[in-house]
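**Q** For reference, the sequence and a predicted model appear below.
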Amino acid sequence: MAGTRRWPAPMIALALFLVAPLLAPGWIVFVLTLALAKFMAVLAVALFLRGGLISFGHALFYAIGAYAVGFAVKWLGVADAVLLAPLGAVLAAGVAALVGLIMARYRGVFFAMLNLGVSMILYAGLLKFYWVTGGTDGIGVRSPTYLGLAPPREVLRTAFYYFTLVLAGMAVYIVYRFLASPVGYFMKALGDNEVRIEYQGESVRRVMYLTYVLSGGVAGLAGVLAAFAVGHIVPEYAYWAQSGEFVFVALLGGYGTVPGPLIGSLAFEFLRTYASKYMPEAWQATLGVIMLVIIMFLPGGLWTFYAAVAGRARRKSEGLARG
Amino acid sequence: MDDAAPVLSTADLTRHFGMVKAVDGITVEIARGALVGIVGANGSGKTTFLNLITGYLTPDRGRIEFMGRETTGLPPRAVTKLGIARSFQVPQLYTGLSVLENMLLSLAAGSAGGSSMWRPLYQAPRVAEGLQILERFGLGSYADRPVGQLAEGGRKLLDIALSFALRPRLLLMDEPTSGVSIDDKGPVMDTLVGVLRQSDVTTIFVEHDMDVVQRYARRVLVFDNGRVIAQGETGRVLADAEVRKAILGHA
């Protein structure tokens, strides 16, 4: 089976993620943490992209996760990552369960813009109700505890990196299960042919709705982790440009698979770190050029590089085996 | 329910599109186990009739009963769940998925609790059943191919196989041989009829090719301007001069 042959690649990736903090300097660990956190939001957006649907509003769920942390810290004095991660994810999934009742009815431009609209309502609310949300000043988030345990100061960053890695692993597992399930396949098939779905006795709306709730929860988890990683949350978490970034990164990495968004997130965060350091005026132009190149020459995203190379190697070894 | 009761009956079924009476007061009964051909000129209401029965369109007037139960106004998904499946003139497939995956989705959707978001699509018994159905339709060797690689004859067969996999009591096929090359029409229909004979599926198919109807349909319904102008045993009905004129069109 192809599955056993592909086994080593994820193991190598996991090993690299596990040893990274031991080898890399602190700022790289920070960039990795942020990339892993945002990767989940990109994954959430990719669930719809592979069905031909684009959301310009997933920052809504990202912001809900982040502000769940912010309010918990501000009002309750609770900064426990182990408690707040599921709480943020469930809150975001809950909002997705409400908003999804509407979204499951729309496709194409309407789906894209309705998502954008709802996220901008939250954005406006975060700005206007500044006595609650801190407005543009945002809310400061202190370093997390883990079930009441506070790691020593010098390992705070590393501890949170590993926590993020574990949660990203859980999210990947859940998303993999979803992608391999009938509903996951139907979500992909939805871009091909809705008529056949209904004539197979499956509800297109049910497929959309379940995907939406899962997608919202995963994006919410991303928000929780990003809030802790950055230590400060602002209304921009809900802004449409943030949603656009998730879509951009999904296209950059490739949205047909789970590794695509991960590769995209890593590439994007490191690119941003370097580009904003060496060409602070021109880095957005750089992003624009990269997007052009990707769409024109690598429409499957950076992931296609790897898939092409691995595919060639596999064909070669199969050819030898048949020999 | 006794064997003599019809599987499908319609009473005064009517659907207009503006001034056009696409289906105009059709009353028919389809007996259990029948293999019925629907013939008629272009625009005589054949496909509209299928769209009404499967709930894709709602009738302006009239009534549809399936297995003694009224289905008028139910949407396609509900009608499908009750046991009416259909295939399409232009195959409706998931071109981004493999032949087997298309089939597995039919089996998952057709089984109780099968369409999960947690348990995998690929499950050994389901895959075995899917491969077996593909085999019966002559598509076994294409299971792992992307749907895009199938020739038109294969696409038609897969489209029908997807409907068949839902284990319907009534199967509606819209022009199963249109778009299929003349050389392939015989083999495609032989495959189909062979599979259908082995199962207890009542079948109605719309068909333009009179040779195909003559050879395979035991009974025919002749549509003309949204009405049924003749019905009965195939050879006898198609021998009628008026019927032949209606089928060939009024030009």
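**A** The structure has been received and is ready for your questions. Note that the structure is a prediction, hence the values are computed from the model and not measured. Numbers count the residues shown, from 1 in each chain, chains lettered A, B, ... in the order given.
**Q** What ranges does the chain have for its strands?
**A** The chain I'm using is chain A. A:139-140, A:232-233 (DSSP state E).
**Q** that's the wrong chain, I meant chain B
**A** B:8-17, B:20-30, B:35-40, B:61-66, B:69-70, B:84-87, B:170-174, B:202-206, B:219-224, B:227-233.
**Q** if we can go back for a sec, ranking the strands of chain A by burial, who's on top?
**A** strand A:232-233 (a mean of 20; mean count of other C-beta atoms under 10 Å in any protein chain shown). For the C-beta atoms, the positions are set from N, CA and C on the backbone; glycine is no exception.
**Q** Residues contacting that strand from elsewhere in the structure, which ones?
**A** Applying C-beta atoms under 8 Å, 6 or more residues apart in numbering or on different chains, the contact partners of strand A:232-233 are A:Ala66, A:Tyr67, A:Val69, A:Gly70, A:Gly138, A:Ile139, A:Gly140, A:Val141, A:Ala227.
**Q** Name the nearest of those residues relative to B:Val213.
**A** A:Ala66 (65.5 Å; C-beta to C-beta).
**Q** which ones are touching A:Val293?
**A** Not one residue lies near A:Val293 by C-beta under 8 Å, 6+ apart.
**Q** So which bits of chain B are right by chain A?
**A** Counting by C-beta under 8 Å from any C-beta of the partner chain, the residues of chain B close to chain A are B:54, B:75-77, B:80-81, B:85-86, B:88, B:92-97, B:101, B:104-106, B:108-110, B:114-122, B:162-163, B:166.
**Q** Filter those residues down to the buried ones.
**A** Buried residues within the residues of chain B next to chain A, counting neighbours by 16 or more other C-beta atoms under 10 Å in any protein chain shown: B:54, B:76-77, B:80, B:85-86, B:88, B:92-94, B:96-97, B:101, B:104-106, B:108-110, B:114-117, B:119-122, B:162-163, B:166.
**Q** And stretch A:16-24, what's buried?
**A** Result for stretch A:16-24 [16+ other C-beta under 10 Å]: buried residues A:Phe17, A:Pro21.
**Q** Oh, that last question was meant for stretch B:190-201, not what I typed.
**A** Judged by neighbour count (16+ other C-beta under 10 Å), stretch B:190-201 contains these buried residues: B:Thr191, B:Leu192, B:Val193, B:Val195, B:Leu196, B:Val201.
**Q** Also stretch B:56-63?
**A** Judged by neighbour count using 16+ other C-beta under 10 Å, the buried positions of stretch B:56-63 are B:Tyr56, B:Leu57, B:Pro59, B:Gly62.
**Q** Quick check: end-to-end length of that stretch?
**A** In terms of C-alpha to C-alpha, to the nearest Å, the two terminal residues of stretch B:56-63 are separated by 15 Å.
**Q** any idea how far that stretch is from the chain center?
**A** Put simply, stretch B:56-63 sits 18 Å off its chain's centre (C-alpha atoms, centre = their mean, to the nearest Å).
**Q** pLDDT at the most centrally placed residue in chain A, what is it?
**A** Central residue of chain A (C-alpha atoms, centre = their mean): A:Ala41, 2.0 Å from the mean position. If you check A:Ala41, the pLDDT there is 98.
**Q** just to revisit the earlier point, out of the buried residues of stretch B:56-63, flag the one nearest to B:His16.
**A** Of the buried residues of stretch B:56-63, the one sitting nearest to B:His16 (C-beta to C-beta) turns out to be B:Pro59, at 9.7 Å.
**Q** any idea how far the closest one is from A:Gly135?
**A** Going from B:Pro59 to A:Gly135 by C-beta to C-beta, to the nearest Å gives 58 Å.
**Q** Take the contacts of strand A:232-233 and write them to a markdown table, including distance to A:Ile121 and pLDDT.
**A** Shown next, in a markdown table, are the contacts of strand A:232-233 (distance: C-beta to C-beta, whole Å; pLDDT from 0 to 100):
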| residue | distance to A:Ile121 | pLDDT |
| --- | --- | --- |
| A:Ala66 | 16 | 98 |
| A:Tyr67 | 14 | 98 |
| A:Val69 | 21 | 98 |
| A:Gly70 | 18 | 97 |
| A:Gly138 | 18 | 95 |
| A:Ile139 | 19 | 96 |
| A:Gly140 | 25 | 95 |
| A:Val141 | 24 | 95 |
| A:Ala227 | 20 | 98 |
